[in-house]
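Chemist: structure here, sequence nowhere to be found:
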Ligand code: NAP
């Protein structure tokens, strides 16, 4: 079996270098969130037996892979990057079809996956240890970083190729082997990433992918004692469960969770620029980014003007088929998400915030076949309200008026999350004060909350993360362990 077999396209698991159906033979559907009539494909509905086979393969491959030189590993990653780049338009189009972000974003995300492969192809050629002075002048005292073993990687649907890449690629670059469970709402992009790695010559068993539900695949995977490290991106609720599981077994754990990201706009900001950046931060990917802007914290002197212009721009957005070039915002991921978001909007309105744009499902012009929610704007949001505190993970922005920079920072910091934050101002002193005082892992001055590059650490403060960082050099810290070597010559005869 190859990854793609029949029509409707059916995709298997990738275990020990072979594409294969689930042991049960069962499949699940992957449907286009913009048009539920469009069946993107069928994927293996796996279970414990498949997870077990994948873990056996990862365990068996570990010794050979950890002994493969970094230079050889680097060559495979470079080749996989070339394969992804050469297919970026096709993979990006499929990504848009299964996930719903605009085509530009889908292709951009695919190129990001290639960029990540290239980055780690270089990063693993960097020094991986340190030499220290010793109390003895004949002792060679040094550290080396070594891989951990079998890593479980569990990812969400909102970046279905970039997030798998930024976990799997450093894991294998540093010599680990992987069992990977992609999100069930967008598994096809993950298939394309694994295909590229396989075609690039990755040995059998180094990466194994098992698709299927959280209960049947995710749960047995993260609980298995063969797994020495778990890297997870997703919701806080699941992250909390994983903390308990990992603590009980002593498993290394990396969590990237939710956000309630603020954009502060001070009175002296360039309003046109701030407006566009806040809208991009709030509405790109239909607001379904962990780094999306969901709170616009505006100085009172400009709040009316800013809110009016935000409202006009948001209401003028083209919402529809994400494959169409004119579309600015696509659907949310599934019917459940659309219902939840509209319910959350009603809850927000019932608490006193003023709904000034959007708020409803969009069902006209063929949009009834998909899960479209209008881009939504609230004004007069209280910081301690539901809308001021909770992640909605959809196209919903709340405006919170404030009287000063100090109040803005205090409001920004008043949530349990701390992923990303931005400020718009021309005042260097205020920008620097914000950068010092804000409780967030990613800080932007005069740019939207959602920008992130792969060569620098990524992760949040407080409930958004688990203190470990992903991407850049930080990935080496998570995916390796340190060995200290004291080397003395044998005594002279
Ligand atoms: P989710 O429901 O937590 O699911 C994430 C992944 O975990 C999916 O593959 C899911 O499988 C799996 N899963 C669920 N329960 C599990 C369990 N008990 N054991 C093992 N695996 C389990 O999250 P989501 O709805 O996909 O993603 C949205 C959330 O992710 C938001 O809160 C968002 O902020 C966050 N996020 C954070 C970052 C970041 O870097 N900080 C980036 C992106 C998204 P199924 O798909 O089969 O259910």
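Modeler: Looks like it arrived, so ask away. The shown structure was predicted, so the numbers you read here are calculated from the model rather than taken from an experiment.

Chemist: from here on, just use CA atoms for contacts and neighbour counts.
Modeler: OK.

Chemist: OK, contacts around the nearest residue to residue 409 once chain neighbours are set aside?
Modeler: Setting aside the residues directly before and after it, residue 409 is nearest to residue 438 in space (CA to CA, 6 or more residues apart in numbering), at 6.3 Å. Taking CA atoms under 8 Å, 6 or more residues apart in numbering as the contact definition, residue 438 lies against 409, 412, 413, 421.

Chemist: from the residues you listed, pick the one nearest the ligand.
Modeler: Within the contacts of residue 438, the smallest distance to the ligand is 13.0 Å, found for residue 421 (CA to the nearest ligand atom).

Chemist: please identify the pairing partners of the strand ranked longest in the chain and their relative orientation?
Modeler: Taking DSSP state E as the criterion, the chain has its longest strand at strand 35-44. Sheet pairing of strand 35-44 (DSSP bridges) gives strand 10-11 (parallel), strand 27-32 (antiparallel).

Chemist: which SSE is immediately downstream of the shortest one?
Modeler: Beyond strand 10-11 on the C-terminal side, the first helix or strand identified by DSSP states H and E is strand 13-15.

Chemist: for the longest helix belonging to the chain, which positions count as buried?
Modeler: Scanning the chain for the longest helix, with DSSP state H as the assignment, gives helix 103-123. Using 16 or more other CA atoms under 10 Å as the burial criterion, the residues of helix 103-123 that qualify are 103-107, 109-123.

Chemist: show me what from the stretch 201-350 of the chain comes close to the ligand.
Modeler: Residues of the stretch 201-350 of the chain found near the ligand, taking CA under 6 Å from any ligand atom as the criterion, are 212-214, 218-219, 233-235, 238, 256-259, 289-290.

Chemist: what subset of these is buried?
Modeler: Among those, those classed as buried by 16+ other CA under 10 Å are 212-214, 218-219, 233-235, 256-259, 289-290.

Chemist: out of those residues, which is nearest to residue 330?
Modeler: Taking CA to CA as the measure, residue 330 sits nearest to residue 289 out of these, at 13.4 Å.

Chemist: point out where the chain drops to low pLDDT.
Modeler: Counting by pLDDT under 70, the low-confidence segments of the chain come to 1-6.

Chemist: show me what contacts residue 281?
Modeler: Remark: with contacts taken as CA under 8 Å, 6+ apart, residue 281 is in contact with 287, 291, 292, 293, 448, 449, 450.

Chemist: against residue 335, how distant is residue 106?
Modeler: In this structure, residue 106 lies at 21 Å from residue 335, with CA to CA, to the nearest Å as the measure.

Chemist: cool, and residue 417?
Modeler: Distance from residue 417 to residue 335, counting by CA to CA: 26 Å.

Chemist: helices of the stretch 151-300 of the chain, start to end?
Modeler: Applying DSSP state H, counting those that start in this stretch to the stretch 151-300 of the chain gives helices spanning 162-173, 188-199, 219-223, 236-249, 271-283, 300-315.

Chemist: which one of these lies closest to residue 55?
Modeler: When the helices of the stretch 151-300 of the chain are ranked by proximity to residue 55, the top entry is helix 219-223, at 8.2 Å, counting by CA to CA.

Chemist: which strands and helices sit next to the closest one?
Modeler: Packed against helix 219-223 by the contact rule (3 or more CA pairs under 8 Å, 6 or more residues apart in numbering; DSSP states H and E) you find helix 48-66, helix 236-249.

Chemist: quick revisit: would you mind identifying the next helix or strand past the longest helix of the chain?
Modeler: Under the assignment DSSP H and E, the closest C-terminal helix or strand after helix 103-123 is strand 129-132.

Chemist: and that next one, what does it pack against?
Modeler: strand 140-147.

Chemist: got the buried residues for the strand it packs on?
Modeler: Of the residues in strand 140-147, those with enough neighbours to count as buried (16+ other CA under 10 Å) are 141, 142, 145, 146, 147.

Chemist: of all those, which comes closest to the ligand?
Modeler: residue 147 (22.7 Å).

Chemist: would you agree that closest one is in contact with residue 478?
Modeler: No. Residue 147 lies out of contact with residue 478 (CA atoms under 8 Å); the separation is 9.5 Å.
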